[in-house]
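Undergrad: Fold the following for me, if possible:
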Amino acid sequence: MSQTIDKIKPGYPLFKQPEYQDLMARKRALSEEAHSDEKIQEVFEWTTTEEYKELNFARTALTVDPAKACQPLGSVLCSLGFENTLPYVHGSQGCVAYFRSYFNRHFKEPIACVSDSMTEDAAVFGGNKNMDSGLANAYALYKPEIVAVSTTCMAEVIGDDLNAFIGNAKKDGHLPESVPTPFANTPSFVGSHITGWDAMFEGFCNNFTKDQMEDKVVGSNKKINLVTGFETYLGNYRVMHRIMQEMDIPYSLLSDPSEVLDTPADGQYRMYAGGTTAEQMKDAPNAIDTLMLQPWSLVKTKKIVKGLWKQPASVIKIPMGLDGTDEFLMKLSELTGKAIPDSLTKERGRLVDMMTDSHTWLHGKKFGIYGDPDYLLGMVSFLLELGCEPTTILCHNGTKKWAKAMQKLLDSSPYGSDCEVFVGKDLWHFRSLMFTNKPDFMIGNSYGKFIERDTLAKGEEFAVPLIRIGFPIFDRHHLHRQTTWGYEGAMQILTTLVNEVLAQLDKETGTLGKTDFAFDLVR
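TA: Reported below is the predicted structural model:
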């Protein structure tokens, strides 16, 4: 092989070399028993047809490439948002390795999370011993002030009792009684990452407020609580801080991982950084109200806010786009009596100016989009405000009630008249739709790149370019630091969309002497 220490080639050019091409060809011919190229092309073409789409949508017992992740992933993210808190997963080691690597690839940061490594014997006899030793070791090694416990499938299938296990571990001296230990049952075989986040936040609420409500008075601390739900754009936490500070509103952002997931490279490793404090959680019931910024994802949280804390849990939409941000700011003003400052009014005006500038290029562009329920409602609302036309909306972890809400939004605009909404469907369904109902672009996470590749394989005229907005983003860097909420987030989304449209126009008109009649600089 021509790889030498003086000239190391990365994977892509390395595997183009003749030696590797020959190696792969011989492997395929001698070992893989592969079908012929003609047969592969024949089957590929069939999978792009309306006939295949009908068969694809008829399946009921199989998920192919889910457009969601599992509950414990969400519980870990929620736990990371609290000060000096160690996420602890009661289950198999492989599951936790998956959670850590998933977040590591997205945030490009080390992720603190431990497992008590249940194996076959624990599956038979229960995981009590694993939890005893796991909690003792985790506390001794990592010195957390809070240990947040969630579960994986194994612990849930055998029925391990988290409340009893944690209580026994403290009683037997494996973990000090003084260490708060919120917990949540998060089976991976139901729900998704958004329900896991919600369940763990409920665990924090129960741990810090359930038995301490006797002296709580709604509105006594003059604060507004903000609860984000499962949110991976770190800029969204920061824009919430900025908005509340500019409006001069006392507030608590409950579960804020923006520091621990974005620590500086200054020679010091920070296992814990920033986050919501235990005192803020204890004080949360004294707030004027708690606003849930992703209400479709925070079902258990809403019950806590209304039932235990006795707050109104005012209904708002996710603060995305022009209308969503307007509603959020007006609700803050209504609840607190604080005026919306000139700085935010000016920021709104700049967004409207940007929308006007880009309207020519975005009007009538067709988009397929997939993701989580609240994100989709916010993104589609903004697309309609921009004059874009959603054609396919897929939400794997959506409900029929959510689908009705999305349809109502689409019906409110002429730009939503030709759109189909799918719930409980996966990305293999979405792939079929990109062939049979081709939009100009699709919007989604990194997994859409395989659909983009497949549409291009059918021919350039069938290609559907991917615009990466969502979670996870594995194959681009630093997008997780961006913002999608507030006027600032709308500006960033708008900038991304219109420049992807213009880049595609350059691509389509860039052939010298053939298509470059529109290859200009005046856009």
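
Undergrad: Which helix or strand contains M281?
TA: helix 278-283 (DSSP states H and E).

Undergrad: The closest residue to L433 other than its chain neighbours sits in which helix or strand?
TA: Nearest non-adjacent residue to L433, counting by Cβ to Cβ, 6 or more residues apart in numbering: T392, 4.9 Å away. Heads up, the C-betas are built off the backbone N, CA and C, glycines and all. T392 is located in strand 389-395, with elements delineated by DSSP H and E.

Undergrad: so what strands line up beside that strand?
TA: Partner strands and pairing direction for strand 389-395 (DSSP bridges) are strand 366-370 (parallel), strand 420-423 (parallel).

Undergrad: of all those strands, which lies closest to E488?
TA: With Cβ to Cβ as the measure, strand 366-370 is the member of the strands paired with strand 389-395 nearest E488 (21.1 Å).

Undergrad: now could you export just the CA positions of the helix or strand following that closest one as CSV?
TA: Per DSSP H and E, the first helix or strand lying C-terminal to strand 366-370 is helix 373-385. C-alpha atoms of helix 373-385 as CSV (Å, rounded to 0.1, in the frame of the first residue of the first chain):
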residue,chain,number,x,y,z
PRO,A,373,-43.3,17.9,17.1
ASP,A,374,-42.7,21.4,18.5
TYR,A,375,-39.7,22.1,16.2
LEU,A,376,-41.9,21.1,13.2
LEU,A,377,-44.7,23.4,14.2
GLY,A,378,-42.3,26.3,14.7
MET,A,379,-40.3,25.7,11.5
VAL,A,380,-43.4,25.2,9.3
SER,A,381,-45.0,28.3,10.7
PHE,A,382,-41.9,30.3,9.7
LEU,A,383,-41.8,28.7,6.3
LEU,A,384,-45.3,29.8,5.7
GLU,A,385,-44.4,33.3,6.8
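
Undergrad: quick one: helix 373-385 to chain centroid distance?
TA: 15 Å (Cα atoms, centre = their mean, to the nearest Å).

Undergrad: for that helix, packing partners?
TA: helix 321-336, strand 366-370, strand 389-395, helix 400-411, helix 486-508 (3 or more Cβ pairs under 8 Å, 6 or more residues apart in numbering; DSSP states H and E).

Undergrad: Those into TSV, with extra columns for mean neighbour count and mean pLDDT?
TA: TSV is the format used below for those (neighbours: other Cβ atoms under 10 Å; pLDDT from 0 to 100):
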stretch	mean neighbour count	mean pLDDT
helix 321-336	19	98
strand 366-370	25	98
strand 389-395	24	98
helix 400-411	15	98
helix 486-508	19	97
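
Undergrad: so can I have a markdown table of these showing distance to E45?
TA: Output for the helices and strands packed on helix 373-385, formatted as a markdown table (distance: least, Cβ to Cβ, whole Å):
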| stretch | distance to E45 |
| --- | --- |
| helix 321-336 | 39 |
| strand 366-370 | 21 |
| strand 389-395 | 21 |
| helix 400-411 | 32 |
| helix 486-508 | 24 |
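
Undergrad: what's the closest of these to G203?
TA: Of the helices and strands packed on helix 373-385, nearest to G203 by Cβ to Cβ is helix 400-411, at 24.2 Å.

Undergrad: quick one: low-confidence parts of the stretch 201-350 of the chain?
TA: Applying pLDDT under 70 to the stretch 201-350 of the chain flags no residue at all.

Undergrad: which residues does the closest residue in space to M247 that isn't next to it in sequence contact?
TA: Once flanking residues are discounted, M247 sits nearest to K338: 5.1 Å by Cβ to Cβ, 6+ apart. Listed by Cβ atoms under 8 Å, 6 or more residues apart in numbering, the contact partners of K338 are M247, D248, I249, L332.

Undergrad: circling back to that earlier point, show residues contacting the strand holding T392.
TA: 67, 364-373, 376, 380, 383-384, 402-403, 406, 410, 415-416, 418-423, 425, 427, 429-430, 433-434, 437, 439.

Undergrad: Restricted to buried residues, select those residues in ChimeraX.
TA: Those of the contacts of strand 389-395 that count as buried under 16 or more other Cβ atoms under 10 Å are selected in ChimeraX with:
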select :67,365,366,367,368,369,370,371,372,373,376,380,383,384,402,403,406,410,415,416,419,421,422,423,425,427,429,430,433,434,437,439
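
Undergrad: that older thread, quick check, nearest of the contacts of K338 to R350?
TA: Distances from R350 to those, taken by Cβ to Cβ, are shortest for M247, at 17.9 Å.

Undergrad: Now the residue nearest the centre of the chain, what are its backbone angles?
TA: Nearest residue to the geometric centre of the chain (Cα atoms, centre = their mean): F471, 4.1 Å. Taking degrees, to the nearest 10, you get phi -140, psi 140 for the backbone angles of F471.

Undergrad: which residues touch it?
TA: With Cβ under 8 Å, 6+ apart, F471 has these contacts: H106, T232, G371, D372, N445.

Undergrad: Just the pLDDT at I5, thanks.
TA: For I5, the pLDDT comes out at 79.

Undergrad: again but with A67, I slipped
TA: 96.

Undergrad: Who are the contact partners of G196?
TA: G196 neighbours (Cβ under 8 Å, 6+ apart): C70, Q71, P72, L73, G74, S75, C78, S150, A184, T186, F230.

Undergrad: Kindly recompute the last result at 10 Å.
TA: By Cβ atoms under 10 Å, 6 or more residues apart in numbering, G196 lies in contact with 69-78, 150-151, 184-188, 230.

Undergrad: How far away from the center of its chain is the strand or helix carrying it?
TA: Using DSSP H and E, G196 sits in helix 193-205. Centre-to-centre, helix 193-205 and its host chain are 14 Å apart (Cα atoms, centre = their mean).
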